[in-house]
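Student: What follows is a predicted structure for the sequence shown.
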Amino acid sequence: MKQDQLTELLYQALETEKGGIQVYKTAIRCAQNSDLKEEWQEYLEQTENHERILTDVCTAFGLDPGKETPGRKVVRHIGQSLVKAMEMALQSGPPEAAELVAAECVVSAETKDHLNWELIGQSVEKLSGAQKKALKEAHEEVEEQEDEHLYHTQGWARELWIQSLGMKAVLPPPEEEKDVKTAIGAARAKQSRKEML
């Protein structure tokens, strides 16, 4: 495994969590549905913890958590762009439209976050000693929460769009009701939505 790329992954993952905090804070302001607002508040708290965990991982790897890298700058720019998109939606449209934009922005942010943690999990197998221990413990604590953040918010985005189109939506979405934590579970939950109407 290329150690320099693992280092870059850890820096980007840390930056993703930092940006995720700002994304969730803004998304909560956009949320109209009380269940969604409550869920995103929980995800914000978890994301703040994920930032702390990755800061500790960086320290365990002998890395400076504040070090700037080109990839990290890109990740930060994307996170700031998502926040700006939500702020634009808050200022220029009806509240329901801002909620939709927020759901899409959270899905975008969580897609990168989910990928980071998937790659971190695969990297654990190639490490040894203290690095392996630190990364394995971090992955075990965070991975399932990241799955939930992505799959549940994808369900919210879909159902909010269905509602905005004037069709009957399942709110909270099936992914939430079935407490989905895998891609297969998300697909099954999506298929079950017709039964829940």
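Tutor: All right, it came through fine.
Student: Residue 168 in helix, strand or coil?
Tutor: Following DSSP: H, G, I helix; E, B strand; the rest coil, residue 168 is assigned to coil.
Student: residues in contact with it?
Tutor: By Cβ atoms under 8 Å, 6 or more residues apart in numbering, the residues touching residue 168 are 162, 197. Every residue, glycine included, has its C-beta placed from N, CA and C.
Student: distance of the nearest residue to residue 197 once chain neighbours are set aside from residue 191?
Tutor: Nearest residue to residue 197, sequence neighbours excluded (Cβ to Cβ, 6 or more residues apart in numbering): residue 168, at 5.3 Å. Distance, residue 168 to residue 191, using Cβ to Cβ, to the nearest Å: 16 Å.
Student: my read: residue 59 touches residue 65, true?
Tutor: Yes. Residue 59 is within contact range of residue 65, at 6.8 Å (criterion: Cβ atoms under 8 Å).
Student: sorry, back to before: can you give me phi and psi for the residue nearest to residue 197?
Tutor: The phi and psi values for residue 168, taken as degrees, to the nearest 10, are phi -70, psi 120.
Student: how near is the residue located most distally from the centre of the chain to residue 60?
Tutor: Farthest-out residue of the chain from its mean C-alpha position, per Cα atoms, centre = their mean: residue 129, at 29.0 Å. As judged by Cβ to Cβ, residue 129 and residue 60 stand 10 Å apart.
Student: and if you look at residue 120?
Tutor: Going from residue 120 to residue 60 by Cβ to Cβ gives 13 Å.
Student: Could you do residue 22 as well?
Tutor: For residue 22 relative to residue 60 (Cβ to Cβ), the value is 25 Å.
Student: which residue ranges form the helices in this structure?
Tutor: With DSSP state H as the criterion, the chain has helices at 3-30, 34-60, 70-92, 95-124, 129-164, 174-177, 183-196.
Student: Show the average pLDDT along the first one.
Tutor: Which is helix 3-30. In this model, helix 3-30 has a mean pLDDT of 98.
Student: Contacts only, for residue 181.
Tutor: Applying Cβ under 8 Å, 6+ apart to residue 181 gives the contacts 144, 147-148, 151.
Student: Once you drop chain neighbours, what's closest to it?
Tutor: residue 147 (4.5 Å).
Student: Now do the same for the one you found: its pLDDT.
Tutor: Residue 147 is given a pLDDT of 96.
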